[in-house]
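**Q** Predicted model follows, preceded by the sequence.
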Amino acid sequence: MHLAYPAVLAVLLFSVGVYGVLARRNVILVLMSVELMLNAVNLNLVAFDVWLRDTLHAGQALTLFTITVAAAEIGLGLAIVLLVYRTRRTAAVDRVTALGDRHEADDPADAAEEKEQAAA
Amino acid sequence: MIATHALAAAGGNSPSIPAPHIEYGQLSPMLVVFGAALVGILAEAFLPRRLRAATQLGISLAGLVGGFVAVVVLAAQGHASTRAGLLAMGSVAIDGPALFLQGVILLTAVLAVLTYAEGRLEPRINGHRIDAFAAQAAAVPGGEQEREATREGLRTTEIYPLTLFAVGGMLLFPASNDLLTMFVALEVLSLPLYLMCAIARRRRLLSQEAAVKYFLLGAFASAFFLFGTALLYGYAGSLRLGEIADVVSGVAPVTPALAVTTQNDALLLIGLAMVSVGLLFKVGAVPFHSWTPDVYQGAPTPVTGFMAAATKTAAFGALLRLFYVAFPGIRWDWRPVMWGVAILTMVVGSILAVTQQDVKRLLAYSSIAHAGFILTGLIATDRRGVAAVLFYLLAYSFVTLGAFAVVTLVRDSKGEATHLSSWAGLGRRSPLLAAVFALFLLAFAGIPLTSGFTGKFAVFQAAAGGGAAPLVIVGVLSSAIAAFFYIRVIVLMFFSDPQPSGPAVAVPSALTATTIAFGVLVTLGLGLLPQYFLDLATKASIFIR
Amino acid sequence: MNSLIPLLIAAPLAGAALLLLGGRALDRFGHWIATALAALSCAFGLVLFFDMLGRDTEHRAVTTRLFSWIPVNGFQADVSFQLDQLSIVFVLLITGVGTLIHLYSVGYMAHDERRRRFFAYLNLFLAAMLILVLADNYLLLYVGWEGVGLASYLLIGFWQHKPSAATAAKKAFIVNRVGDLGLSIAIMLMFAEFGSFAFHPVFSAAGDATEGKLTAIGLMLLLAACGKSAQVPLQSWLGDAMEGPTPVSALIHAATMVTAGVYLITRSSAIFDLAPDAQTAVVVVGAVTLLFGAIVGCAKDDIKKALAGSTMSQIGYMIMAAGLGPVGYAFAIMHLVTHGFFKAGLFLGAGSVMHGMNDEVNMRHYGGLRKYMPWTFWTFMAGYAAIIGFPFLSGFFSKDKIIEAALAKGGTEGWILGGCALLGAAVTAFYMTRVVLLTFFGEKRWQPDAEGNEPHPHESPKTMVIPMVVLTFGSLFAGGLFSLGDSFLNFLEPVTGFEEGHSPLNALTVSAIATVCMAAGVGLAWLMYGRSPVPVKPPVGSLLTRAARRDLLQDDFNHAVLVRPGSALAATLVWFDSKGLDGFVNGLAAAIGGLSGRLRRIQTGYVRTYALSMFGGTLVLVASTLLMRSV
């Protein structure tokens, strides 16, 4: 099999991931899309490793690291998402927009605080 | 016993497994900090609550100061110059820039940790001193659980080990000599930071939002970094920066399989661009800057100060090593692109800062503009450029840390009063604090006799010497724009009448006072007597390969 | 011995740092630390002075380099100090008068709860002023120049709870910025022309530069001097600066800081000597201000503001003398020193009066105070006699020399300048006599204040009296001592140069005329204020009086000039700075602000937008990297 097949597949997978990050509103789905991107990388790394017959298997080693780190990252990400969900009862990224430059007139901090009090 | 003996005997004849050679002594700065982080976790698990805060502070300071001592000892032994070398089978480099930046990171971390422990700013609750971090990070804001935790005077002491892990990653980041190590360092420094953003005591919704944004965008950027890494691996057949450089310049032996991929320059160029994206995200360069203002504003201010100072230092260290060690051979490809990024960063950062109404956002945009100024030094692609960037990072870290520490002190009943309108007339109410903040702003603006001037002077001079005169002109122009909004704040503090219901300035304990005093000292010191540190940075400006 | 020079500055600097950072622990005795450090600095100055006297004339100037600040090829900026005859005169004046005023403030500020901070600022001022006069290059001089400006700002606004004090501080700050702009432009021009900031290389290369460039540099230096020394047209801040505590008015706004302009021009003599047009401008500014200040001084009922007008006028004398070239430099400095003594003494006397009168400043509410505060009265009288040029007292010698030098200019110019100076002397005698008559003679006119407390005039404590007595000696004898065998002139000559002026009148005649002028002024004042009781409510007065009460309409003038830029008069520098330059800057700022407002819409707060911008950025980065290769 030529290197091109896995490489192209990886690029496609990566693109799907990027699309997911940009298009999905649900934080969980965004996280999954990031996972897709990382797995595209893994596929790439393994393919290159095999193609280059790397005696040190640096590609495969990095793949293992990527998987491990991705697991940690997801764990952490879910913790943060859960925190936000419990407060706001929503996992939509588009609802988390108190910080930003648009709110010229009202102080975003105060606005958020009012919400906070309303929640309580 | 017998089994072991048999194994050993069996190994006697056949070739043995080569154990990796690890230079523990030279890795000691990182090992000490990681060790302290682990001790911190154990303390978190086994110590009773009331002892934790003080113990954690002690552990952190011991670890960080210990790490700094180790750095100084290594530098004194010549590991920054004559005895610089690659460690841990070539995956970590210990040389001038690495040790210099590790020293800066450790010092900033020590001062940042001092501001974490500040317990005098918030009013006591039931006799408990509380700090800037949530009573219980997992409790729902405004909920019963939070109220109870607050009543009991709980504190999120986990912040200390988290910081230590982040610092460990930051120490490794500028020293990492292969892309795998660099990736691991990147994640080790980022993951704790994501969490640290989320645990502010006041305005918890904003704090959590900052964490979500930072996390999602950070993960997104990491994915680009990794994809770039994979492409570079495919191109060069190695993750070592030095070996990539050899392949790029065509001195490495090429196997038939490698020949196929090496032909394909697109792999190299796209890989380089995508790896840069990951790093440019961390330094907050335009167009990868959009997280900066939101996260800086939402995160607890002591964390923001730490993040702004230390993360930038570490990420620029990694960026320098990547470009100067792995890709000096194709500088004609990346220099023009980085020109564009630097110009965009300086201009957009400065212009956007003009209309900001929030001190923390203002400082965030200012940090973006400064990333642009530092990039001009990077583009010089010579030793002077490296020295200038190192010096700038040293100068910038302490000013930033000091400025954010000042922000923690200006408070009203809702916590920190970060809206600029409430800073009006601060000079009348609290002249010393306003004067200190004015000094930091002047340093940001690059007014002579402050460290900021010396730093800007150094990077612009290096850039001009490296043939980037137009870049310097853009730099000076955007400095002028930037100076406008810094001066505006100074005018606001000294020449406006204070609001009747304006904020009060809290009197800090010795902890925050030390941080601010140190900031002032370094700002003035590097402005008045920069020579020693300029020499030090110049001596430390050679990368080992 | 040279190592003492940095210590001279370090002592008060350390005091300022200690007092500012030391916290409340130093509240009880911090002021004594500050006074001791000022005295220490003065002692260093004396040691250096006698050390200098022990050397030959050629070896008296010494330079000591502390360190070099960013030495890069082509740009050498050293922190190094030069102590020569000119600087040592200033050092002794600054530290000497400074120490006395520290001592005086111990009494004067005894009941102020922010006393520690006050002394910290005073020490800061001493250090900055010493840097100013000891710098061996313009860049370091600029540091000191800004430093004294900062200290002055902080001290004018020291009683910040009074809105008038805050406004006055702001005004001084802004007007001084205009002057500082002049200095910074002058420094840039110098660097562009001579490639250096240091005095020696600049002065030795000045001969090679064209006259036009030297004139430009000279005019910019004059602008700087106008700002700092309150000369027309940047004089408006000095009267308001009297809002500061009186010791500050004595030290900063009478004896030392406001004379920095004279120092700057004298120090830059090598440039001015080669730029006659700039010199003419200096002379004109000086002559105009000396009359302007004197007239303002005549009409003020506020004792400190009357003295402020007088200060403006006396500095006008100095600036005029400095503009006359080598004929006048030494006399400008001599008058500066004697003025430092008697004006500081007068201000301290005024402070002592206010101290005894519940901080009342209106002279119409004084009267007959000589019985109540004899020490203050007699020391004030000594200063009074000195400033009006009573024969054989300090002012007599130094002022006569300046009048002579002005006449020596020759021709019509000489007569005009000499006439101005003589007229100024007469007016000086008039307003000073008025001050004395209103304050110390006549009937008592004080009334209960708003809360019904009647003032009980009393003599001030010893810490305040002693400095006044010491300064009295300076007011009485300094001029005579300096003139004895032309000792002062001979001492300064190696630095400032000297050439004998050829006055159309001989020295004795000049002195006689000046004395007659003085007597006329005193007599007129006595006729108006001495013979009959002074009304408590000021009479309406003539048009000139009313104008003079309003500082000769200087604020109205500035106002009109700012508001109506179309008027022909508006083509002055004031206009340029506040309308032309600011208009441009404001337009630019508005443009950038608009751009910023538009750009910030990108920062929507939506994570997905951020991710999209990052992705777009990545695509651009990748594409441009690839493009670079194919180009």
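**A** Sure thing, it's come through.
**Q** Verify the stated contact: C:K343 with C:A254.
**A** Yes. Between C:K343 and C:A254 there is a contact under CB atoms under 8 Å: 4.3 Å. Just so you know, the C-beta spots here come from the backbone N, C-alpha and C atoms, and that holds for glycine as well.
**Q** between those two, what contacts are shared?
**A** Common neighbours of C:K343 and C:A254 are listed as C:307, C:311 (criterion: CB atoms under 8 Å, 6 or more residues apart in numbering or on different chains).
**Q** Is chain B within reach of stretch C:103-116?
**A** No. Stretch C:103-116 lies out of reach of chain B by CB under 8 Å from any CB of the partner chain, never closer than 10.1 Å.
**Q** buried residues in that stretch?
**A** C:103-109, C:115-116 (16 or more other CB atoms under 10 Å in any protein chain shown).
**Q** hey, C-alpha coordinates of that stretch in CSV?
**A** Only the C-alpha atoms of stretch C:103-116 are listed here, as CSV (Å, rounded to 0.1, in the frame of the first residue of the first chain):
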residue,chain,number,x,y,z
LEU,C,103,14.5,72.2,59.5
TYR,C,104,11.9,74.9,59.1
SER,C,105,9.4,72.3,57.9
VAL,C,106,9.9,70.2,61.0
GLY,C,107,8.1,73.0,62.8
TYR,C,108,5.8,74.1,60.0
MET,C,109,4.4,70.7,59.3
ALA,C,110,4.4,69.5,62.9
HIS,C,111,0.7,68.9,62.9
ASP,C,112,0.2,67.5,59.4
GLU,C,113,-0.6,63.8,59.5
ARG,C,114,1.1,63.2,56.2
ARG,C,115,4.4,64.7,57.4
ARG,C,116,6.5,61.7,56.5
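**Q** Now tell me what touches it from outside.
**A** Contact partners of stretch C:103-116, identified using CB under 8 Å, 6+ apart, comprise C:19, C:22, C:24, C:26-27, C:30-32, C:35, C:118-119, C:122, C:158, C:245-247, C:250, C:348, C:351, C:355, C:460-464, C:466-468.
**Q** Can you report phi and psi for the closest residue to chain C within the stretch 251-400 of chain B?
**A** Sorted by distance to chain C under CB to the nearest CB, the residues of the stretch 251-400 of chain B start with B:P287, at 3.4 Å. Dihedral pair for B:P287: phi -100, psi 30, per degrees, to the nearest 10.
**Q** And the nearest residue to it once chain neighbours are set aside, how close does it get to B:F173?
**A** The shortest distance from B:P287 to any non-neighbouring residue, by CB to CB, 6 or more residues apart in numbering or on different chains, is to C:G617 (3.4 Å). Distance of C:G617 to B:F173, given as CB to CB, to the nearest Å: 22 Å.
**Q** Beyond the one helix or strand C:A421 maps to, next helix or strand please.
**A** Assessed by DSSP states H and E, C:A421 sits inside helix C:411-440. With elements assigned by DSSP H and E, the helix or strand that comes after helix C:411-440 is helix C:462-483.
**Q** Buried residues in that following helix, which are they?
**A** Buried-residue list, helix C:462-483, by 16+ other CB under 10 Å: C:463-465, C:467-468, C:470-472, C:474-479, C:482-483.
**Q** Give me the buried subset of the contacts of stretch C:103-116.
**A** By neighbour count, with 16+ other CB under 10 Å, those hold C:19, C:26, C:30-31, C:35, C:118-119, C:122, C:158, C:245-247, C:250, C:348, C:351, C:355, C:460, C:463-464, C:467-468 as buried.
**Q** what stretches of chain B score poorly on pLDDT?
**A** Applying pLDDT under 70 to chain B flags residues B:1-14.
**Q** In it, which residue sits closest to chain A?
**A** B:G142 (2.7 Å).
**Q** What's the separation between B:A458 and B:L477?
**A** Distance from B:A458 to B:L477, counting by CB to CB: 19 Å.
**Q** Looking at these two, which has the bigger crowd around it?
**A** B:A458 (26 against 13; other CB atoms under 10 Å in any protein chain shown).
**Q** and that one, what element?
**A** Using DSSP H and E, B:A458 falls in helix B:451-465.
**Q** Is chain C within reach of that helix?
**A** Yes. For helix B:451-465 and chain C, the contact criterion (CB under 8 Å from any CB) is met by B:454, B:457, B:461.
**Q** gap between that helix and the chain center?
**A** Distance, stretch centre to chain centre, for helix B:451-465: 20 Å (CA atoms, centre = their mean, to the nearest Å).
**Q** Flag every buried residue along it.
**A** Here helix B:451-465 shows B:451-464 as buried, counting by 16+ other CB under 10 Å.
**Q** ok, now stretch B:245-259?
**A** Neighbour counts over stretch B:245-259 (16+ other CB under 10 Å) mark B:245-248, B:252, B:257-258 as buried.
**Q** Closest one to C:Y606 out of the residues you listed, please.
**A** Using CB to CB, B:V248 comes nearest to C:Y606 of these, at 39.1 Å.
**Q** Quick check: closest non-adjacent residue to the closest one.
**A** The shortest distance from B:V248 to any non-neighbouring residue, by CB to CB, 6+ apart, is to B:G329 (4.2 Å).
**Q** Now for the one you found: which residues touch it?
**A** For B:G329, the contacting residues are B:245, B:248-249, by CB under 8 Å, 6+ apart.
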